[in-house]
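> Need a 3D model of the sequence below.
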Amino acid sequence: MNTTPDPTQASSASAALGQEVGSVLTGLLDTSQGSLELQIHKAREQTCLRPEEDAPQTNTAWIGLAEAPVTSRAAANEALDRIDRYLLAEQWEKKNEVTDPSKRAMYFHKGALGATAKIVEGASRSRVEVTITSSCAAQPSEHRMQRLELDADYGKNSQYYDDWK
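Numbering: from 1, shown residues only. Predicted coordinates for the structure are as follows:
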């Protein structure tokens with residue numbers, strides 16, 4: 001039995017997941033304008049394998065990461081409330097919520113994606129962080145990982161991504 005994914009199907013499935021991640025991140029940016037300065041740090045496919053593995057592109061997952069500094073716990077909770085309303089309006093299912101005001105976190109699921117929105121307390125300042133992830137998926141050896149233009153590293157030289165060419 002051949003367990004190697006068909007290259008065309010794997011590439012299409014990965015690209016579709018990437019578009020979903022990009023759509024969610026863009027929606028979160030639009031929703032938070034005026035109240036929160038969300039910045040996207042990651043919008044890419046990345047390896048699920050250990051660094052010492054020879055072919056990191058053969059098992060990948062999508063990740064989207066957006067963060068914003070907050071001036072107070074009240075501002076952080078207001079931002080999380082907006083994110084909560086947005087994701088629920090977009091048909092995400094809330095799976096769990098930690099309601100402790102200093103450790104508040106929400107967990108969502110929709111299709112092949114999961115999302116976490118939380119307050120992260122830092123030494124000098126706090127921030128709101130939203131992470132969108134997919135499960136790991138086997139890819140053919142010729143697979144090229146993808147980054148969206150939203151990604152902070154889009155266009156940087158990499159042996160695993162083609163967006164720098």
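
> alpha carbons only for contacts and neighbour counts from here, please
Fine.

> the strands in this structure, which residues?
Counting by DSSP state E, the chain has strands at residues 39-47, 59-70, 93-98, 105-110, 113-120, 126-134, 137-138.

> Other residues contacting the first one?
By that I understand strand 39-47. The contact list for strand 39-47 (Cα atoms under 8 Å, 6 or more residues apart in numbering) reads 18, 21-22, 25, 29, 56-68, 145-153.

> which secondary structure elements does the helix ranked longest in the chain contact?
The longest helix of the chain (DSSP state H) is helix 7-32. Judged by 3 or more Cα pairs under 8 Å, 6 or more residues apart in numbering; DSSP states H and E, the packing partners of helix 7-32 are strand 39-47, strand 59-70, helix 73-89, strand 126-134.

> Among those, which one carries the weakest average confidence?
When these are compared on mean pLDDT, helix 73-89 scores lowest, with a mean of 92.

> quick one: contacts of it?
With contacts defined as Cα under 8 Å, 6+ apart, helix 73-89 is touched by 28, 31-32, 35-36, 70, 94, 101-102, 104, 106, 108, 117-119, 126-128.

> again, 7 Å this time
Leu28, Leu36, Val70, Ala117, Ile119, Val128 (Cα atoms under 7 Å, 6 or more residues apart in numbering).

> what does stretch 20-31 give?
With contact meaning Cα under 7 Å, 6+ apart, stretch 20-31 is reached by Leu38, Ala43, Gly64, Ile83, Ile132.

> Now Gln159. Its backbone dihedrals?
For Gln159, the backbone dihedrals (degrees, to the nearest 10) come out as phi -80, psi -10.

> what do you get for Asp100?
Residue torsions, per degrees, to the nearest 10, at Asp100 are phi -60, psi 120.
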